[in-house]
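Undergrad: structure, please.
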Amino acid sequence: MFLDEATITVHGGKGGNGIVAWRREKYIPMGGPAGGDGGDGGNVYFEADPNTDTLSAFAEVKVFRAEEGETGKGKNMGGKNGQDLILKVSPGTVISDAETGEILADLAEAGSRFLIAKGGRGGYGNAHFASSVRQAPDFAELGEPGEEKTLKLELKLVAEVGIIGYPSTGKSTLISVISAAKPKIGDYPFTTLVPNLGVVTVYDRSFIVCDVPGLIEGASEGKGLGDKFLRHIERCGVLVHLLDLSREDIVKDYKIIRAELQKYSPTLAQKKELVVLNKTDFFGNDTSIFVEECAKNGIPVFAAISAVTTFGIKEFLQKLLPIVLEERSKREAVRGKREAPIPVLQPHLHTERTDAFTIEEDPEGTFVVKGKRIEQIAKMTNWENPGAVRRFRDVAERTGLLKALERAGTSEESKVFVGETDISDYWL
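TA: Presented below is the predicted three-dimensional model:
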């Protein structure tokens with residue numbers, strides 16, 4: 001099944017809990033803390049796999065979770081880290097935030113990989129908190145939850161040449177003649193229901209061609225099938241606009257398709273376009289009248305062919321190859337000039353100071369503390385353990401959070417959250 005859109009939810013693995021443990025050795029009755037740290041949760045990655053050309057793997061399964069980290073062990077032994085989860089997608093997949101629409105990653109090239117959801121940090125065991133003033137810590141951290149994101153996946157096939165035109169102009173027949181692709185072909189509208197990819201070889205050089213379901217007037221507004229697949233030609237360096245000589249008015253057809261491209265995407269409409277006349281066999285391969293008519297209307301004809309009889313195919317491909325190579329070199333030059341790739345936000349890394357926070361009061365009088373590091377500590381605090389609560393209060397006092405809350409106007413009755421963690425019963 002061909003699928004070029006999907007909405008899924010991904011979860012980084014939860015970090016394993018740290019544990020409270022003590023040394024239990026013969027002749028050492030008062031052993032010190034020996035609780036190990038929990039393992040880190042696994043990350044979720046997307047990887048562009050050249051062996052897949054659809055998003056069908058996401059048709060039924062909608063939630064994906066990386067493995068959780070193991071709980072820490074005694075004798076200062078840490079838990080095992082959770083395994084990373086690698087989700088394979090087709091090259092050309094664009095990943096965006098389902099809620100905001102922000103593009104997070106564009107896996108245009110085979111083999112490219114992107115970290116989309118980081119696993120949570122493993123909680124520290126009680127051995128981590130031992131110090132000269134806290135010699136017997138009786139608490140440990142909980143494992144941190146992994147990142148959770150709801151994503152929209154959109155596949156834009158990676159092809160260098162896109163074949164466009166009205167339904168039944170011979171796009172599928174052409175791609176079947178110039179490549180090894182075997183699309184379904186029939187003498188009725190909308191034979192092509194899904195995009196087809198084919199590899200074309202000319203003079204030992206290869207390039208990828210894509211044909212999409214036929215476009216009709218109103219395609220950019222949802223009419224017909226083509227609007228669902230226009231995205232697949234957005235990446236193409238060259239558009240081959242196929243005109244069917246058996247139709248009544250090829251100039252009108254041309255202008256309608258051009259208008260639809262402009263409505264859908266001005267960038268798409270500006271791509272290099274080569275007009276090719278098809279079905280020349282209907283007129284004994286004499287196309288001079290049609291070429292003149294197109295020229296009068298400012299439509300330069302690149303080639304005239306018959307996909308059915310293969311008339312003109314060889315010459316067409318020989319003329320097409322240098323143009324494809326030129327566009328390829330332009331894209332490679334642009335790719336080489338690109339700056340660093342899209343940054344991966346990793347809020348679990350301790351790049352933000354503990355005392356970097358803000359306090360906001362909502363209309364209902366609830367105070368919300370925002371700050372990556374302080375929110376992380378709150379999530380990983382075991383609020384049922386008095387020692388862990390004291391540790392959080394120590395952090396809150398040391399960072400100035402307690403005084404800041406007092407200055408903000410909090411009282412004993414105030415609701416106070418650190419991120420999503422309710423600390424109302426603990427902060428005073």
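Undergrad: C-alpha from now on. contacts and neighbour counts both.
TA: Fine.
Undergrad: what bits of this structure have low per-residue confidence?
TA: 1-4, 28-30, 53, 157, 181-195, 213-229, 231-232, 334-355, 428 (pLDDT under 70).
Undergrad: so which residues of it form helices?
TA: With helices called from DSSP state H, the chain shows them at 171-178, 250-264, 266-269, 288-296, 313-337, 372-379, 386-398, 401-407.
Undergrad: for the shortest one, enumerate the helices and strands it packs against.
TA: Of the remaining helices and strands, those touching helix 266-269 by 3 or more CA pairs under 8 Å, 6 or more residues apart in numbering; DSSP states H and E are helix 250-264.
Undergrad: who does the helix it packs on touch, helix- and strand-wise?
TA: Counting by 3+ CA pairs under 8 Å, 6+ apart, helix 250-264 packs on strand 238-244, helix 266-269.
Undergrad: give me the distance from that helix to the chain's centre.
TA: 31 Å (CA atoms, centre = their mean, to the nearest Å).
Undergrad: quick one: buried residues of that helix?
TA: 250-251, 253-254, 256-261, 264 (16 or more other CA atoms under 10 Å).
Undergrad: can you tell me which of those is nearest His241?
TA: Tyr254 (8.1 Å; CA to CA).
Undergrad: that closest one: what's it in contact with?
TA: 165, 243 (CA atoms under 8 Å, 6 or more residues apart in numbering).
Undergrad: and what of Val368?
TA: 359-362, 416-419.
Undergrad: hang on, the earlier thing: of all the helices of the chain, which lies closest to Leu87?
TA: That would be helix 313-337 among those, by CA to CA, at 24.6 Å.
Undergrad: so how far is Asp253 from Val161?
TA: Val161 sits 20 Å away from Asp253, going by CA to CA, to the nearest Å.
Undergrad: please report how far the residue most central in space within the chain lies from Leu268.
TA: Residue closest to the mean C-alpha point of the chain, counted by CA atoms, centre = their mean, is Ile95 at 1.9 Å. Counting by CA to CA, the gap from Ile95 to Leu268 is 20 Å.
Undergrad: and for Ala408?
TA: 53 Å.
Undergrad: those two: which has the busier surroundings?
TA: Remark: of Ala408 and Leu268, Leu268 carries more neighbours, 20 against 13, as counted by other CA atoms under 10 Å.
Undergrad: please tell me how far stretch 361-377 is from the chain's geometric centre.
TA: Worked out by CA atoms, centre = their mean, stretch 361-377 lies 30 Å from the chain centre.
Undergrad: sorry, back to before: my read: the residue nearest to the centre of the chain touches Glu154, true?
TA: Yes: the criterion here is CA atoms under 8 Å, and Ile95 meets it with Glu154 at 6.5 Å.
Undergrad: count of neighbours near Lys296?
TA: 11.
Undergrad: cool, Ser131 as well?
TA: Neighbours of Ser131 (other CA under 10 Å): 10.
Undergrad: then the one 10 residues further on?
TA: Applying other CA under 10 Å, we find 28 residues neighbouring Glu141.
Undergrad: quick check: phi and psi at the nearest residue to Ala356 once chain neighbours are set aside.
TA: Nearest residue to Ala356, sequence neighbours excluded (CA to CA, 6 or more residues apart in numbering): Gly371, at 6.0 Å. Dihedral angles of Gly371 (phi, psi; degrees, to the nearest 10) stand at phi 170, psi 120.
Undergrad: surely Glu361 and Phe367 touch.
TA: Yes: using CA under 8 Å, Glu361 is in contact with Phe367, at 4.4 Å.
Undergrad: between these two, who's got more neighbours?
TA: Neighbour comparison, Glu361 and Phe367: the larger count goes to Phe367, with 22 against 15 (by other CA under 10 Å).
Undergrad: which residues does that one contact?
TA: Taking CA under 8 Å, 6+ apart, one finds 359-361, 410, 414-417 in contact with Phe367.
Undergrad: domain ranges for this protein?
TA: Split into domains by automatic domain parsing, the chain comes to 1-155, 161-333, 358-422.
Undergrad: Pro50: what's it in contact with?
TA: Counting by CA under 8 Å, 6+ apart, Pro50 has contacts 90-91, 110-111.
Undergrad: distance to Asp394 added to the residues you listed, as JSON lines?
TA: Converted to JSON lines, these look like this (distance: CA to CA, whole Å):
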{"residue": "Ser90", "distance to Asp394": "50"}
{"residue": "Pro91", "distance to Asp394": "50"}
{"residue": "Ala110", "distance to Asp394": "50"}
{"residue": "Gly111", "distance to Asp394": "47"}
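Undergrad: any of those buried? List them.
TA: If we count by 16+ other CA under 10 Å, these have these buried: 90-91, 110.
Undergrad: good, we can wrap up now.
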